[in-house]
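Peer 1: Provide a 3D model corresponding to the input given below.
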Amino acid sequence: MQINVSSKLFDMTPAIEEYIVGKSEKLTRFFDRIEQIDVKIEKTTHGYTSEIIANVEHHDPIIANNENNDMHASIDGCVDRAVRQLTDLKSRLRDNKHNTPTGGNEQ
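Peer 2: You can find the predicted model right below:
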């Protein structure tokens, strides 16, 4: 799995990048078919905006956004939203497999 981290309008320190990569790697615990994660952090006039785009195998990408005055809180909120979307996707996939009809006779 590849993790790409980019920043806009501020310089990213190695400590911040390590924090983002560590948080992003935890997404694979909730859904194991993630191919790539793109994390974008932007400094705005009101704080920080973070966005996570997780490319999932054979599905549409998961996109999570969050805005907060604190950069770490913005990243944490964004990861929480991505986790929620990934667990929802996983439960939908699990439910679809259980609701398929078996090969029995229809009458």
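Peer 1: Let me see the ranges of the helices in the protein.
Peer 2: 14-25, 71-98 (DSSP state H).
Peer 1: Okay, buried residues for the longest one please.
Peer 2: Residues of helix 71-98 classed as buried under the neighbour-count rule (16 or more other C-beta atoms under 10 Å) are 71, 74-79, 81-83, 85-86, 89. Backbone N, C-alpha and C define where each C-beta goes, glycine included.
Peer 1: Show me what that helix is packed against.
Peer 2: Judged by 3 or more C-beta pairs under 8 Å, 6 or more residues apart in numbering; DSSP states H and E, helix 71-98 is in contact with helix 14-25, strand 34-44, strand 47-56, strand 62-68.
Peer 1: The buried residues of helix 71-98 into JSON lines, with extra columns for pLDDT?
Peer 2: Listed next are the buried residues of helix 71-98 as JSON lines, based on pLDDT from 0 to 100:
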{"residue": "71", "pLDDT": "97"}
{"residue": "74", "pLDDT": "98"}
{"residue": "75", "pLDDT": "98"}
{"residue": "76", "pLDDT": "98"}
{"residue": "77", "pLDDT": "98"}
{"residue": "78", "pLDDT": "98"}
{"residue": "79", "pLDDT": "98"}
{"residue": "81", "pLDDT": "98"}
{"residue": "82", "pLDDT": "98"}
{"residue": "83", "pLDDT": "98"}
{"residue": "85", "pLDDT": "98"}
{"residue": "86", "pLDDT": "97"}
{"residue": "89", "pLDDT": "95"}
